[in-house]
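# return atomic coordinates for the entry below.
(chains A and B)
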Amino acid sequence: MIVQGLTFYLFAAIAVGAGVMVVSARNPVHSVLFLILTFFTTAGLFVLIGAEFLAMVLVVVYVGAVAVLFMFVVMMLDINFVEMREGFLQYMPVGVLVGIILLVELLMVLGTASMSPEVMAAGTEPIPDLADRQNTAALGDVIYTKYIYLFQAAGMILLIAMIGAIVLTHRQRPGVRKQVISKQLARTREESVELKKVQPGQGI
Amino acid sequence: MAEFWSIYLLPGIIILAQILAIIVPLLLCVAMVTYYERKIMAAMQMRMGPNVVGPFGLLQAFADGAKLFFKETVIPTSANKGVFLIAPMITFLLSLVAWAVIPFDDGVVVSDINVGILYLFAISSLGVYGIVMAGWASNSKYPFLSALRSAAQMVSYEVSIGFVIITVLLCVGSLNVSDVVRAQEEGVWFFIPLFPMFVIFFISALAETNRHPFDLPEAEAELVAGYQVEYSAMAFALFFLGEYANMILMSGLTAILFLGGWLPPFDIAPFNWIPGPIWFFLKIAALLFVFVWVRATLPRYRYDQLMRLGWKVFLPISLFWVALTAGVLVAFDLVPNT
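Predicted structure coming up:
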């Protein structure tokens, strides 16, 4: 148990530290790298509470795909540090507001825990027990039965967002020559190459 | 004190010994894979290949390693120093940690976790960071272009790899790597019923390890050597080792998912005398041969063709196969119970 406790505090400390660095790092690419570190340590925390499926999905989806795309965009930014300083005060109120909302939410969760410990105890006890059902299977049991409509709705929202992004950014440019793969594949040797016997001293 | 010894120290020492027992042979294998590759390519191109250092040139890889070890590590002045040095370490580290869940025989595995396949998928999807960080931190044009290419390429091919893994998992009913192999023990190896998936997985593995014909991130003809341009000495060696260890890992994963891991091809007398790890080793060696064979045979893909193959060919086919496999399993009541 001691090792587990120490590991928890190690991961928690790294996660919080990296989270602070995400907002305070000068260089946006460093921010993204710290964000990745935060995701990774959070995955470690998930493993510690026995939610290994969530931990792996967090790494696959957020670290492996979302953060790569973040990084892809941020790397190509032409950063002007002076301009970034100027914008700081302007966005400050919004940031503070979001921070306060999150703080209140956290306090509410903690308040529930201190006022009625039995509710939290029920929440932290996995159903069914980890010993007789692996959490991958346990998740599968409820997601596609009890919560199927919510699950599908989440999928639809993501699909709409994706189609929307494509519609907004796609533009047809006239007069641009494009690769037509089917035409390229349909080319045969007969119609593209011809062997001619050229007599000496004569052209074709 | 005795308690401290039995609860903490002894397991710690055992884990350390297990790690060494995997990593030392693995690094030896990496050295031999470079030799293997150069010899096969030489044979295919009617050359001799390395034949000077040691008998049949067997020690060539170690000579190359020693050379790199004694060279000077150059850090470009405009490079982002921290990220520049972390990048090769990440590549190397990620290629080693994945071996924790690879079973060499029934029960011979460092960590037999429930979500082994997902762990492997997660680690292989992280491989892109070493390259992207190296490309960005070098602060130079060719490495940067290479980083962009690599990021787009690896994310694209991960999608089809994910669907292929899902198809296999549908037939297995468990995310445990050893269970994948055990599921093939009773029935046939998965490359027979899922042959198209096997082909897609192997091609995606080529793209995921940045090997020919998808080696656009390090295309020597256009990008000099891509993300490796600014690296020298051991930093370069770490990239090199990581890349080859990844090749072995992807071959191992293909062997586990489709070719029955440690299982002999037929469970009859002369075959099942040979122990499992040797079968596993032979399968990896055969797949590595295909890796090299592809490199010696095919020209490099154009970038738009690479993207088209990933998104417009592999993604729909693998998605269709996921639906088909699930449909067949349900229709004929073959779903493995968990």
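# so what's residue 32 up against?
Just going to use chain A. A:67, A:70-71, A:74 (Cβ atoms under 8 Å, 6 or more residues apart in numbering or on different chains). The way it works is simple: take the backbone N, C-alpha and C, and place the C-beta from them, glycine included.
# wrong chain, I was asking about chain B
If you count contacts by Cβ under 8 Å, 6+ apart, then B:Met32 has B:Ala61 around it.
# I'd like the next helix or strand past the helix or strand containing it.
B:Met32 is part of helix B:10-44, with elements assigned from DSSP states H and E. Proceeding N to C from helix B:10-44, the next assigned helix or strand is helix B:60-69, under DSSP H and E.
# still on that earlier bit, what's the distance between the helix holding B:Met32 and the middle of its chain?
13 Å (Cα atoms, centre = their mean, to the nearest Å).
# just the angle for it relative to helix B:60-69, thanks.
Helix B:10-44 and helix B:60-69 are oriented at 110 degrees to each other (axes from the mean of the first three to the mean of the last three Cα atoms, to 10 degrees).
# please name the nearest non-neighbouring residue to B:Ile19.
Spatial nearest neighbour of B:Ile19, excluding adjacent residues (Cβ to Cβ, 6 or more residues apart in numbering or on different chains): B:Val110 at 7.1 Å.
# confirm the one you found sits in a strand?
No. Counting by DSSP: H, G, I helix; E, B strand; the rest coil, B:Val110 is not part of a strand but coil.
# my read: it touches B:Ala100, true?
Yes. Contact between B:Val110 and B:Ala100 holds when scored by Cβ atoms under 8 Å: they sit 4.7 Å apart.
# ok, the residue nearest to B:Ile19 - contacts?
Counted by Cβ under 8 Å, 6+ apart, B:Val110 has contacts B:15, B:18-19, B:22, B:99-101.
# so can I have a markdown table of these showing pLDDT?
A markdown table is the format used below for the contacts of B:Val110 (pLDDT from 0 to 100):
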| residue | pLDDT |
| --- | --- |
| B:Ile15 | 86 |
| B:Gln18 | 88 |
| B:Ile19 | 88 |
| B:Ile22 | 88 |
| B:Trp99 | 89 |
| B:Ala100 | 88 |
| B:Val101 | 89 |
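# what about stretch B:153-163, distance to the chain center?
How far stretch B:153-163 lies from its chain's middle: 14 Å, per Cα atoms, centre = their mean.
# per-residue confidence averaged over it?
Mean pLDDT, computed over stretch B:153-163, is 87.
# show me where pLDDT drops low in the chain?
Just so you know, I chose chain A. In the predicted model of chain A, residues A:1, A:78-88, A:119-132, A:204 satisfy pLDDT under 70.
# should've been chain B
B:1-2, B:337-338.
# can you name the residues of it sitting close to chain A?
B:8, B:80, B:83, B:113-115, B:118-119, B:121-122, B:125-126, B:128-129, B:132-133, B:136, B:144, B:147-148, B:151-152, B:154-155, B:158, B:162, B:175, B:304, B:308, B:338 (Cβ under 8 Å from any Cβ of the partner chain).
# list buried residues within the residues you listed.
Among the residues of chain B next to chain A, those that count as buried by neighbour count (16 or more other Cβ atoms under 10 Å in any protein chain shown) are B:80, B:83, B:113-115, B:118-119, B:121-122, B:125-126, B:128-129, B:132-133, B:136, B:144, B:147-148, B:151-152, B:154-155, B:158, B:162, B:175, B:308.
# quick one, phi/psi of whichever residue of chain A sits closest to chain B?
Ranking the residues of chain A by distance to chain B (Cβ to the nearest Cβ) places A:Gly64 first, at 3.0 Å. With angles defined as degrees, to the nearest 10, A:Gly64 sits at phi -80, psi -30.
# can I get stretch A:146-156 in PDB, CA atoms only?
Presented in PDB, the C-alpha positions along stretch A:146-156 are these (Å, rounded to 0.1, in the frame of the first residue of the first chain):
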ATOM      1  CA  LYS A 146     -28.500   1.300 -20.800                       C
ATOM      2  CA  TYR A 147     -26.700   4.400 -22.300                       C
ATOM      3  CA  ILE A 148     -27.000   3.600 -25.900                       C
ATOM      4  CA  TYR A 149     -29.000   6.800 -26.900                       C
ATOM      5  CA  LEU A 150     -26.600   9.000 -25.000                       C
ATOM      6  CA  PHE A 151     -23.700   7.200 -26.600                       C
ATOM      7  CA  GLN A 152     -25.200   7.600 -30.100                       C
ATOM      8  CA  ALA A 153     -26.000  11.300 -29.400                       C
ATOM      9  CA  ALA A 154     -22.300  11.900 -28.500                       C
ATOM     10  CA  GLY A 155     -21.300  10.200 -31.700                       C
ATOM     11  CA  MET A 156     -23.700  12.300 -33.700                       C
END
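# now B:Ser95, nearest residue through space, not along the chain?
B:Ala245 (3.7 Å).
# residue boundaries of the helices in the chain?
In the absence of a named chain, this looks at chain A. A:2-24, A:28-48, A:52-57, A:67-75, A:81-115, A:117-124, A:135-143, A:148-169, A:181-186, A:189-192 (DSSP state H).
# wrong one, chain B
B:2-4, B:10-44, B:60-69, B:81-97, B:116-137, B:141-172, B:177-186, B:195-208, B:233-258, B:269-272, B:276-297, B:303-308, B:315-331.
# who wins for proximity to A:Val47 among the ones you listed?
helix B:116-137 (10.1 Å; Cβ to Cβ).
# centre of the chain versus the closest one, how much separation?
With Cα atoms, centre = their mean, you get 11 Å for helix B:116-137.
# stretch A:183-196 and chain B, any residue contact?
No. Judged by Cβ under 8 Å from any Cβ, stretch A:183-196 and chain B are separated, with a smallest distance of 9.5 Å.
# buried stuff in that stretch?
So for stretch A:183-196, nothing qualifies as buried (16+ other Cβ under 10 Å).
# Throw the helices of chain A into JSON lines and include distance to B:Phe56, thanks.
Output for the helices of chain A, formatted as JSON lines (distance: least, Cβ to Cβ, whole Å):
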{"stretch": "helix A:2-24", "distance to B:Phe56": "48"}
{"stretch": "helix A:28-48", "distance to B:Phe56": "44"}
{"stretch": "helix A:52-57", "distance to B:Phe56": "44"}
{"stretch": "helix A:67-75", "distance to B:Phe56": "42"}
{"stretch": "helix A:81-115", "distance to B:Phe56": "58"}
{"stretch": "helix A:117-124", "distance to B:Phe56": "62"}
{"stretch": "helix A:135-143", "distance to B:Phe56": "48"}
{"stretch": "helix A:148-169", "distance to B:Phe56": "55"}
{"stretch": "helix A:181-186", "distance to B:Phe56": "44"}
{"stretch": "helix A:189-192", "distance to B:Phe56": "43"}
